[in-house]
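**Student:** I'd like to go over a predicted model; first the sequence, then the structure.
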Amino acid sequence: MHGMQSNAPKKLLRAARRGVTLVEILIVLAIVALIAGGVAVVAVPELAKARLKTARVDLATLQPIADHYRGEHPTEECPTASLLKAQRLTSGTITDPWGVEYQVECQALETAVRSRGPNRVAGDADDLVQPDDDTARPR
C-alpha cells in the first residue's frame, strides 16, 4: 500500500505540469493583441495609399475609353461609367475603391473622369481627376 501512496503525488505533479493555466492563456492573448495592434498601425496607412493608387490607375484606364467613346458618338450626351461598361468598352471596375461610381465629365473638346475620393464628396480637395491638369478639369 505504501508504494501506491507515493505514486499519487507524482501523477498530480505531472498532470499539473502538462496543463495550461488561464493566466498563461491571457498573457499569450495580450501578446498577440499587441502584435496585431502594431501591424494595424503600419497596415492602415498603406491601405489608404493603395486605394489612392488603385483609383489613379482606374482613372487613367477609363479616361481614354470615355474620350474614344465621345469621338465615336459625337452627337450623344456625355457617357457614364455604367454605359461604358454596358457597351463592353471596359472590363475593369467602374466604381472607385470607396464604392462610388466614377463620374465622366465632358466639355467641348475635353473628357475627364473623376473619383470623389476617400470622403465620397464631389468637388473638394480630395477628388481625383484624369487628366489631372488643373486647367483641363471640368467642374
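**Tutor:** Nice, thanks for sending it over.
**Student:** C-alpha from now on. contacts and neighbour counts both.
**Tutor:** OK.
**Student:** packing partners of the longest helix along the chain?
**Tutor:** For the chain, the helix with the greatest residue count under DSSP state H is helix 22-72. Applying 3 or more Cα pairs under 8 Å, 6 or more residues apart in numbering; DSSP states H and E, one finds that helix 22-72 makes contact with helix 81-86, strand 111-115, strand 128-130.
**Student:** which non-adjacent residue is nearest the most centrally placed residue in the chain?
**Tutor:** Ranked by distance to the mean C-alpha position of the chain (Cα atoms, centre = their mean), the top residue is Arg51 at 5.1 Å. Once flanking residues are discounted, Arg51 sits nearest to Pro97: 5.7 Å by Cα to Cα, 6 or more residues apart in numbering.
**Student:** for that neighbour, what are its contacts?
**Tutor:** Applying Cα atoms under 8 Å, 6 or more residues apart in numbering to Pro97 gives the contacts 51-52, 54-55.
**Student:** in this structure, where is pLDDT below threshold?
**Tutor:** Along the chain, the model assigns pLDDT under 70 to residues 1-6, 12, 15-17, 133-139.
**Student:** 50 instead, please
**Tutor:** For the chain, applying pLDDT under 50 flags the ranges 1, 135-139.
**Student:** ok, now how distant is the residue nearest to the centre of the chain from Ala66?
**Tutor:** According to Cα to Cα, to the nearest Å, Arg51 stands 22 Å off from Ala66.
**Student:** what of Val113?
**Tutor:** Distance of Val113 to Ala66, computed by Cα to Cα: 8 Å.
**Student:** what do you get for Leu59?
**Tutor:** Distance of Leu59 to Ala66, given as Cα to Cα: 10 Å.
**Student:** ok, Gln87 next?
**Tutor:** Separation of Gln87 from Ala66 (Cα to Cα) stands at 11 Å.
**Student:** compare neighbour counts for the two and give me the winner.
**Tutor:** Remark: of Gln87 and Ala66, Ala66 carries more neighbours, 25 against 11, as counted by other Cα atoms under 10 Å.
**Student:** mind listing what that one touches?
**Tutor:** Neighbour list for Ala66: 79, 84, 104, 111 [criterion: Cα under 8 Å, 6+ apart].
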